[in-house]
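Visitor: build me a model:
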Amino acid sequence: MKMTTAHQHQRNRLRAYGGWLHELGISRSTAWRWRQLKLFNTHRIGGKLFVEQYEIDQLYQQAKAGLLAHLHQLPSRKERG
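Guide: Now for the predicted structure:
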C-alpha cells in the first residue's frame with residue numbers, strides 16, 4: 001500500500017515524549033512498561049525522546065478497541081498464591 005504525501009507527513013510528525021506523557025497524565029514508569037511491550041517506539045534526537053504522531057494514533061486506536069485493558073490487571077488472590 002502506497003502512502004499519500006499527507007499521510008507520510010503525519011507519520012513523520014514528532015511530538016516531545018515528556019509533553020505527550022504529561023498530556024496523557026501517565027507516569028514515566030507506565031510509559032516505560034509500554035515501551036518495553038513495544039506498544040510504541042521512541043526516537044532519541046539530540047538527547048531528547050520523541051514519539052511519532054502515527055505511533056500515538058495507533059496506541060489510541062488500540063485503547064479505544066479495548067486491546068490495552070488487560071495490561072495492568074492484577075491476578076486474583078488465589079492466583080498470587
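
Visitor: for the chain, longest strand please?
Guide: What stands out as the longest strand in the chain, according to DSSP state E, is strand 48-52.

Visitor: quick one: the helices in this structure?
Guide: Assigned by DSSP state H, the chain shows helices spanning 5-12, 17-24, 28-36, 53-64, 77-80.

Visitor: low pLDDT regions in the protein?
Guide: By pLDDT under 70, the low-scoring segments of the chain are 1-11, 70-81.

Visitor: ok, 90 please
Guide: Along the chain, segments meeting pLDDT under 90 span 1-12, 24, 26, 29-30, 33-34, 36-39, 59, 62-81.

Visitor: what does stretch 38-48 rub up against?
Guide: 14, 16-17, 34-35, 49-52, 55-56, 58-59, 62, 68 (CB atoms under 8 Å, 6 or more residues apart in numbering). (Glycine included, C-beta is placed from N, CA and C.)

Visitor: try 6 Å
Guide: Y17, L49, F50, V51, E55, L59 (CB atoms under 6 Å, 6 or more residues apart in numbering).

Visitor: quick one: the residues you listed as a markdown table, columns for distance to T42 too.
Guide: What follows is the contacts of stretch 38-48, written out as a markdown table (distance: CB to CB, whole Å):
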| residue | distance to T42 |
| --- | --- |
| Y17 | 6 |
| L49 | 5 |
| F50 | 7 |
| V51 | 6 |
| E55 | 8 |
| L59 | 12 |
